[in-house]
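Visitor: My questions are about this predicted structure, shown below with the sequence.
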Amino acid sequence: MKRYLNTYEPDNCLKQGYFPMFKQIAREIIDSKWLIYQLFKRDFSAAYRQSIFGILWIIVIPVIGIAGVFLLNRSNIVNIGETPVSFLLYAASGLAVWQIFGIGLVSATSSLAKAGPMIVKVNFSKKSLVISAFSQCLAPFLVLFTVTLILCLVEGVKATFFTLLFPVLLLPLILFTLGLGFMLALLNGIIRDIASAVSVLATFLLLFTPILYAAPKTGGYIYAVRYNPLYYLISVPRDALITGAPGHLYGYFISALLSLLIFCVCITVFHITETRIAERI
């Protein structure tokens, strides 16, 4: 009688090749769309359930920030510089786009750690946790985007071809944020300090990136802005919306390629290590 020896080994996605692996990732995300929506609805309701002002906080907090910078500029403490439109429209549109990165990244980073008991007890695609957490940026973005559209109508801003491309121009920023979110969510599952560090970093980048003020044209700070991919990923969609003629398209193209690379690398690492997440959370 012949005896057959069965050898078991850990699932290695890389043996399938990159193209089949990315097809599998896409299939998992599509199959998890109902779960992603339910997780998003749960987290969104929990965020405003016992709040007096509720969703109005989405408007109140940015308005306070814009008013603060405006008062500092009037007091000659902060120099906003020359903006192509009114400061209110410039700041509101910049903050609208910023919500995708700022809130999306912070929420995605904490997604796995917050769902620890669920991860241990239930077997499902952990990508749905990161994507649903990232989606929490949609409500603040849509509210400020609506405010921006109203201000555009009031100031008589005319739409152009680039204005109609606004949703497409946001895609690299979404990929950039999601890619970093996948990687940071893994790291935060091991070291909880990552979430706090990302929150502080997001605040620093908000001040470091020309969003509430015009980009400098002289001085040493111009080099820090020039090599900041967030500047291009945010300023180009914003300018397309409020002026219809975005600049820095070359820098935007390079930043978009970088975003795609970061997303592919990070989601690949996440997919490979996904089966071991329950052991670390």
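Guide: Alright, I've got the coordinates. Note that the coordinates shown come from a computational prediction; the quantities given were computed from them, not determined experimentally. Residues are numbered from 1 along each chain as shown.
Visitor: Now do the SS call for residue 247.
Guide: Per DSSP: H, G, I helix; E, B strand; the rest coil, the secondary structure class of residue 247 is coil.
Visitor: who touches the closest residue to it other than its chain neighbours in this structure?
Guide: The spatially closest residue to residue 247, leaving aside those adjacent along the chain, is residue 239, at 6.6 Å (CB to CB, 6 or more residues apart in numbering). Quick note: C-beta positions are derived from backbone N, CA and C, even for glycine. Neighbouring residues of residue 239 by CB atoms under 8 Å, 6 or more residues apart in numbering: 84, 245-247.
Visitor: make it 10 Å
Guide: Taking CB atoms under 10 Å, 6 or more residues apart in numbering, we find residue 239 in contact with 84-85, 90, 93-94, 162-163, 169, 245-248, 252.
Visitor: Nearest to the spatial middle of the chain, which residue is it?
Guide: Nearest to the geometric centre of the chain sits residue 101, at 3.0 Å (CA atoms, centre = their mean).
Visitor: so that residue, which of the three states?
Guide: Following three-state DSSP, the label given to residue 101 is helix.
Visitor: any idea how far it lies from residue 208?
Guide: 12 Å (CB to CB, to the nearest Å).
Visitor: Residues that sit against both of the two, list them.
Guide: Residues touching both residue 101 and residue 208 (CB under 10 Å, 6+ apart) are residue 230.
Visitor: check which helix or strand covers the residue lying closest to the residue nearest to the centre of the chain once chain neighbours are set aside.
Guide: Leaving aside its chain neighbours, residue 101 sits nearest to residue 177 (5.0 Å; criterion: CB to CB, 6+ apart). Following DSSP states H and E, one finds residue 177 within helix 171-190.
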